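A.B. asks: Any chance you could fold what I've pasted below:
(one chain, ligands or ions: 1)
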Amino acid sequence: MSFTQQLRQKADSIWKANHEHPFVQEIGAGTLDLEAFKYYMKQDYLYLIEYSRVFALGAFKAPDLETMATFSTYLQSTLTEEMSLHRSYAKRLGITEDELEHAQPSPTTIAYSSYMISEAQKGSLAQLIAVILPCAWSYSEIGKKLAEIPGASEHAHYGEWIQMYQDDEFAAIAEWLCTKLDQLASSLNDREQEQLETIFITSSRFEYLFWEMSYHQTNWE
Ligand SMILES: Cc1ncc(CN)c(N)n1
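C.D. replies: Below is the predicted model:
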């Protein structure tokens, strides 16, 4: 079993909880409260700005031009394709651009984004990948699962969200990150591999907290 498959297995109970979270389930059923979705969109936009910075740091830390170019491609696709999904939803749901870019980040958004940026800045390229891998990979898994529900991808509100994350082009990001991390981990000792596992599990837990925060629309007050 590859290193990243082992990580996935170790985080399985957290990932199951993410898949089963009411926010995710109700997107699939088309019954999610639209106010919770709007709240999520705003917080996720802020999160994606920081997530993009991690791809920029990946390009900076890349050991070769091919790796640098791929990080740069995914930086670009997050800023344009993934975040235009949010911009398009915002327009449709009556959220102004100013509201989208300047929403008050919730404690969970701050904690998760700061954790990502901190690990990416202080750590190796392998640590940087371990911190963003659950983001790319779990959304791809969730998108593909929800797309199996008849009619879910055509839902008036949530269909577009499912279509974005079930796409093979989106899945390619996680696949590439897995390949890179498997290569990098193969030359690491047990202690360094355990460090990557801790980071991967922490990000997986933050993914859960992000669904929770969105479902309950929690912020400072
Ligand atoms: C919180 C979170 N995690 C991951 C993704 C997928 N890029 C996202 N949009 N938002």
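
A.B. asks: check which helix or strand covers the residue of the chain found nearest the ligand.
C.D. replies: Scanning the chain for the residue nearest the ligand gives Cys135, at 3.5 Å (criterion: C-beta to the nearest ligand atom). Backbone N, C-alpha and C define where each C-beta goes, glycine included. Secondary structure assignment for Cys135, by DSSP states H and E: helix 125-147.

A.B. asks: ok, then the element right after that helix?
C.D. replies: Taking DSSP H and E, what comes next after helix 125-147 is helix 159-166.

A.B. asks: could you point out which element follows that following helix?
C.D. replies: The helix or strand immediately downstream of helix 159-166 is helix 168-185, counting by DSSP H and E.

A.B. asks: Look at the closest residue to His216 other than its chain neighbours and say how many residues are nearby.
C.D. replies: In space, and not counting its chain neighbours, His216 is closest to Ala36: 8.0 Å by C-beta to C-beta, 6 or more residues apart in numbering. Per other C-beta atoms under 10 Å, the neighbour tally for Ala36 reads 17.

A.B. asks: I'd assumed His21 was in contact with Ala36.
C.D. replies: No. Ala36 lies out of contact with His21 (C-beta atoms under 8 Å); the separation is 11.6 Å.

A.B. asks: Please tell me how far the residue nearest to His216 sits from Gln183.
C.D. replies: 39 Å (C-beta to C-beta, to the nearest Å).

A.B. asks: thinking again about what came up before, what helices and strands are in contact with the helix holding Cys135?
C.D. replies: helix 3-10, helix 12-20, helix 22-29, helix 34-61, helix 107-122, helix 159-166, helix 168-185, helix 190-216 (3 or more C-beta pairs under 8 Å, 6 or more residues apart in numbering; DSSP states H and E).
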